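Q: Just need the structure, nothing else, for what follows:
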Amino acid sequence: MSTHSARLASLRDELARQHLDGFVVPLTDEYMSEYVGGYAQRLGWLTGFGGSAGAAAVLPDTAAIFTDGRYTIQVREQVSAEDWQYVAVPENNVAEWLAANVGEGARVGYDPWLHTRAWVEQTRAALSAKGATLVAVESNPIDAVWDDRPAPSLAPLAVHTDDHAGESSAAKRARVADWLGEVGADAVVIPALDSTAWLLNVRGEDVSRTPVALAYTIVGADGTADLFVAPEKMTDAVHQHLGNAVRVHDRTDFAPALARFAGKRVAVDPALAVSAIFDAVEAGGGTAVSLRDPTIIPKATKNAAEIAGHRAASLRDGAALTRFLRWIAAEAPGGGQTELSAAARLQQFREEGGQLRDLSFDAISATGPHGAIPHYHVTEESNLRIEPGQLYLIDSGGQYVDGTTDVTRVVPVGAPTPEMRDRYTRVLKGHIALATATFPPGTSGQQLDALARLPLWAAGLDFAHGTGHGVGSFLAVHEGPARIAKPSYPGGGPQEPLRAGMILSNEPGYYKAGEYGIRIENLLLVVERDLPGGEATMLAFETLTLAPIERDLIDAALLSVEERTWLDAYHARVADTLGPVLPAEDRAWLVEKCAPIAA
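A: Have a look, this model is predicted:
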């Protein structure tokens, strides 16, 4: 019996001991994070799945793992078909699968600290229709059988200075207090880790690749706050930074504190807060009011200091990436590099800049067939040698104290095929179409998504992921609420209007299963733009990322005059900006790579 088969068997034994006929395992933590600490990696421990989004459902005689189109190939490589059914979302969901597979009288468990209230209500209704019951567990049964489960991180908090934040925590909390007055609430729960980090101007090291700390915050109508965090994480500098207006409590006091709002109205974000938070407020006699976390839009709308910081981070990150691109172009044809060695070399180039705090995510270093897996994660077992005739895709980013980066480039190893050049150029055309879009205020990313797909659609092609996601300021590389995506794709969600100051990715792609993948990604800043003769101020994008786009993969005949003009202007800016900070050999290579594209 394999390790993961044995773990599934142990979980089923534990469920039987708890008189449960099933259990649901999401890939999240009690803060509804996208990336979670090792202690909360229950789905990966149980199934072997290493993606960043998914869920599982376990019944006595069957089990299913639920993933979206980004992980269609990956889940089949990592999770045994003997133990698990593969179920695609959003075409299907956990509630529907459970309802179709449980018997009357079944008791299906869930951890209320790992699911939203909406999920609980939907799943409870689906099970009820089959005569089954959804049961909240007091302790997670996986934790009972996970013998070597890591402990939550106790890394200390750090101050994120006002110079980098662009606004003091006191000013941010005053804004939240004003909002509470407007909505008639007495307090608001801040459930998301990056929201607490942004609000209090602190950062942490508790989640891999995301500089946040495991903590909850409650803000009152007077602008004071209660921070719930492990006491070992507090330092004198952080205490002094927070001041007397932020009371610090042990993390274990959070649930009891929610029960002390009898007769009060407490705002709770239903999209970000787990069901247990609503349950605790209501059990204590308070009223949990479903309202969006008031920090979400201010956090996503970067101020002048954050924008300036991102520009500085983009400069040093672009220099490191350019040095890597020259290195890989020279090294890859020899066959001596692998996906792991290339990723390590890129990280080394970033570290040589002296200001890298962390990567912003584990690099997607993918050659040949692995490039066709959009969110591929290389391991010692999957590591491939980079060989001639392949396309090598590198999607990576850095965490700097002044900004978070995310960029994807593709490098041909040897001469690319005509098909590769056609597909790459179509992706580039879509990338340019989005980068040059002008649109009125109130426009959502969903309304712009088709611009990046039209050149592919014209050839009967598409890609099964969103086109763009928000990016934080020395915070999460995937930041809501704005997205550029189809409604049905991961990150599609409700339509969120784009606002000046938001930073989003622009990353259309193309993937040929078993052969290669293509993605071109830059980060964009939403800016205001007045057009000659226009009657209103419009919105547009400014490209922030600085790195050459691979000219050897471009079929210039497919580009319009306007597209070549954009590409030449972008490359001229890349060369002019990065050239002065690069060593001479890298600078000469960059100038050649950024030369105008011939018609």
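
Q: give me the low-pLDDT residue ranges for this protein?
A: 1, 488-494 (pLDDT under 70).

Q: Distance check, the spatially most central residue of it against Asp194.
A: In the chain, the centroid-proximal residue (CA atoms, centre = their mean) is His478; its distance is 2.9 Å. The gap separating His478 from Asp194 is 10 Å, by CB to CB, to the nearest Å. In short, each C-beta sits where N, CA and C put it, glycine included.

Q: Kindly report the same for Ala237.
A: From Ala237 across to Asp194, the span is 21 Å (CB to CB).

Q: what's the burial count for Asn93?
A: By the other CB atoms under 10 Å criterion, the neighbourhood of Asn93 contains 17 residues.

Q: can you pull the contacts of it?
A: 66, 122 (CB atoms under 8 Å, 6 or more residues apart in numbering).

Q: Now do the contacts for Thr161.
A: Asn201.

Q: Apologies, that question was intended for Gly284.
A: Counting by CB under 8 Å, 6+ apart, the residues that Gly284 touches are 258-262.

Q: Of these, which is the most crowded?
A: Ranked by neighbour count under the definition other CB under 10 Å, the contacts of Gly284 are headed by Leu258 with 26 neighbours.

Q: returning to what we had before: does the residue nearest to the centre of the chain touch His469 like I think?
A: Yes: counting by CB atoms under 8 Å, His478 does reach His469; the two are 5.0 Å apart.

Q: Among the contacts of Gly284, which are located in helices?
A: Those of these mapping onto helices are Leu258, per DSSP state H.

Q: Closest to Gly336 out of the contacts of Gly284?
A: For the contacts of Gly284, the minimum distance to Gly336 (CB to CB) is 57.1 Å, reached by Leu258.

Q: The residue nearest to that closest one when sequence neighbours are not counted: which element?
A: Closest residue to Leu258 apart from its sequence neighbours, by CB to CB, 6 or more residues apart in numbering: Ala280 at 3.8 Å. Using DSSP states H and E, Ala280 falls within helix 275-283.

Q: Point out the other elements, helices or strands, that the very next helix or strand once past that helix touches.
A: Note on helix 275-283: by DSSP H and E, the next helix or strand toward the C-terminus is strand 287-290. Under the contact definition 3 or more CB pairs under 8 Å, 6 or more residues apart in numbering; DSSP states H and E, strand 287-290 sits against strand 265-268, helix 275-283.

Q: Go through the ones you listed and pick out the most buried.
A: Greatest average neighbour count among the helices and strands packed on strand 287-290 goes to strand 265-268 (a mean of 24), per mean count of other CB atoms under 10 Å.

Q: which residues are in contact with it?
A: Outside strand 265-268, the residues that touch it by CB under 8 Å, 6+ apart are 180, 183-189, 191, 258, 277-278, 281, 286-291, 294.

Q: residues contacting the spatially closest residue to Leu127 that is not a sequence neighbour?
A: Spatial nearest neighbour of Leu127, chain neighbours left out: Leu134 (5.2 Å); criterion: CB to CB, 6+ apart. By CB under 8 Å, 6+ apart, Leu134 lies in contact with 108, 110, 120, 123-124, 127-128.
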